[in-house]
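> Return a 3D structure for these sequence lines:
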Amino acid sequence: MKKLGLLVVAVMFSAASFAQTTTPVTTPPATTTPPVKTQMKDLRKDVRAYDNKKAEAKAQINKGNLAAAKTDLAAAKTDKADIKADSKTLKSEGVAHPVKLAKKEVKVADVKKVEVAKADLKSDRITEQKDVKAGNITGAQTAQAEAKADKKDLKKDIREAKRDGVKRHLRKA
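Numbering: from 1, shown residues only. Predicted structure coming up:
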């Protein structure tokens, strides 16, 4: 009986002590803060600049201008160092694989840019056809000139997208 009484008292004290402890405060899930977004934007710019400098260096080598190629490669090397520094910072803030993510975002932006250029070219061609049917020669000529400029922009966008590693979604209009 004595043991049972002590057991009941011990259970009451332990229940009282558990009732007094506070529950741990749960932290809200990590959301992307504005500094992370700006750092990702900076990383995307660095990735794009690195790709551009490497492509320019390759073009200069093919032309035979080795001095210009060396300067482009040196600029690419500094861009690569910026990429590594930004990546290290973003990893410390909890972003998993920041360089891979930045490259993916650059590719998505390139594909969107190409799709917009395709849509502009298509609308200019439709406008030209409507003007021809209506007999508006000057309107058709301006639409044709706009279509020519849009096609030039589309080709430029496709070259830039290929430079950034986009392999699909680049069918010419």
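
> what comes into contact with stretch 82-100?
30, 35-36, 39-40, 42-43, 46-47, 50, 101 (Cβ atoms under 8 Å, 6 or more residues apart in numbering). Using the backbone N, CA and C atoms, a C-beta is placed for each residue, glycine as well.

> Test for you: state the pLDDT assigned to Ala173.
pLDDT, Ala173: 49.

> From the contacts of stretch 82-100, which land in helices?
Counting by DSSP state H, the contacts of stretch 82-100 place 35-36, 39-40, 42-43, 46-47, 50, 101 in helices.

> Closest one of those residues to Lys58?
Relative to Lys58, the closest of these is Tyr50; by Cβ to Cβ it sits at 12.7 Å.

> which residues touch the closest one?
Contacts of Tyr50 were listed using Cβ under 8 Å, 6+ apart, and they are 76, 79-80, 83.

> What are the structural domain limits within the protein?
Per automatic domain parsing, the domain ranges recorded for the chain read 33-96, 105-167.

> so which of these comes closest to Gly5?
Among the domains of the chain, domain 33-96 sits nearest to Gly5 (Cβ to Cβ), with 53.8 Å.

> what distance separates the closest one from the centre of its chain?
Distance, stretch centre to chain centre, for domain 33-96: 13 Å (Cα atoms, centre = their mean, to the nearest Å).

> likewise stretch 130-138?
Worked out by Cα atoms, centre = their mean, stretch 130-138 lies 42 Å from the chain centre.
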